[in-house]
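Participant: just a sequence and a predicted model for now, questions to come.
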Amino acid sequence: MTKHKYNLNSSNIVPLTDDSPSTGKHFGKVDMIIEAVFEDLDLKRKIVAQMEGMTPDHCVFATNTSAIPIADIAQDAQRPDQIIGMHYFSPVPQMPLLEIIPHEGTSDATKAAAFEVGTKQGKTCIEVKDVPGFYVNRCLGPFLVEVSALIKDGVKLDTLDKATKSFGMPVGCLTLADNVELDVAGKGATFLA
């Protein structure tokens, strides 16, 4: 992205809080919300309800979750057909993959909107099934368990990071765990257990 385009895009960002008098006005015009709070099902449901109360009827609600089933997030929604998962990977600027996770009730228009936004962001979008961990984390979980066993066996941390990068991973396994944050990884693991 050029500096001009970055500045143009950044100028469209309006910082808001729950107490801002213009929050409802701004959210009343949006086509899509991409929520990215930590892995807490009750909090995500609360945000869905809050956003449905102030967004237009056509607004898509996308949740960036590592493992929580999207159907669980959409369970009490007024517009469950407009709820979808968009799982970004850390560090987001370097990681091109974006998992698009519809649940059984997600509409085709919602899926199309998620793919359109992800593609405009320069991501490689893949549709994955709404199961705990989706695709990548179902594969990554056992990998990180093995990494932990190697650490316990005395393999040096930098050796593991270099080995996974030389294997073809975009970042080393420990750098990945650090970027994802261990508490997020731990919460995600509870959905995979």
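Facilitator: Sure thing, it's come through. Residues are numbered from 1 along each chain as shown.
Participant: any idea of the pLDDT on residue 172?
Facilitator: At residue 172, the model reports a pLDDT of 84.
Participant: go ahead and confirm it touches residue 156.
Facilitator: No - assessed by CB atoms under 8 Å, residue 172 is found out of contact with residue 156, at 12.0 Å. In short, each C-beta sits where N, CA and C put it, glycine included.
Participant: these two: which is more packed in?
Facilitator: residue 172 (21 against 10; other CB atoms under 10 Å).
Participant: which helix is the longest one in the protein?
Facilitator: Looking across the chain with DSSP state H, the single longest helix is helix 136-152.
Participant: and that helix, what does it pack against?
Facilitator: Packing partners of helix 136-152 (3 or more CB pairs under 8 Å, 6 or more residues apart in numbering; DSSP states H and E): helix 157-167, helix 173-180, helix 182-192.
Participant: relative to helix 157-167, how tilted is the shortest one?
Facilitator: Taking axes from the mean of the first three to the mean of the last three CA atoms, to 10 degrees, one finds helix 173-180 and helix 157-167 inclined to each other by 100 degrees.
Participant: can you give the distance of helix 173-180 from its chain's centre?
Facilitator: Averaged C-alpha coordinates place helix 173-180 at 16 Å from its chain's average position (CA atoms, centre = their mean, to the nearest Å).
Participant: on contacts alone, who are the packing partners of it?
Facilitator: Against helix 173-180 (3+ CB pairs under 8 Å, 6+ apart) you get helix 136-152, helix 157-167.
Participant: list the buried residues for it?
Facilitator: By 16 or more other CB atoms under 10 Å, the buried positions in helix 173-180 come out as 173-177, 180.
Participant: go on, stretch 109-127?
Facilitator: 110-111, 113-115, 117-118, 123, 125-126.
Participant: do stretch 148-160 as well
Facilitator: For stretch 148-160, using 16+ other CB under 10 Å, the buried residues are residue 160.
Participant: was I right to think residue 165 contacts residue 172?
Facilitator: Yes - counting by CB under 8 Å, residue 172 is a contact partner of residue 165 at 5.0 Å.
Participant: how much space between the residue lying closest to residue 164 once chain neighbours are set aside and residue 95?
Facilitator: Closest residue in space to residue 164, ignoring its immediate chain neighbours: residue 173 at 4.4 Å, by CB to CB, 6 or more residues apart in numbering. In this view, residue 173 and residue 95 are 14 Å apart by CB to CB, to the nearest Å.
Participant: and what of residue 175?
Facilitator: In terms of CB to CB, residue 175 sits 12 Å off from residue 95.
Participant: repeat that for residue 24.
Facilitator: 34 Å.
Participant: same check on residue 154?
Facilitator: 30 Å.
Participant: all strands for the chain, in order.
Facilitator: Using DSSP state E, the strands of the chain run over 32-35, 60-63, 83-88, 97-102, 124-127.
Participant: please consider this matter closed, and thank you.
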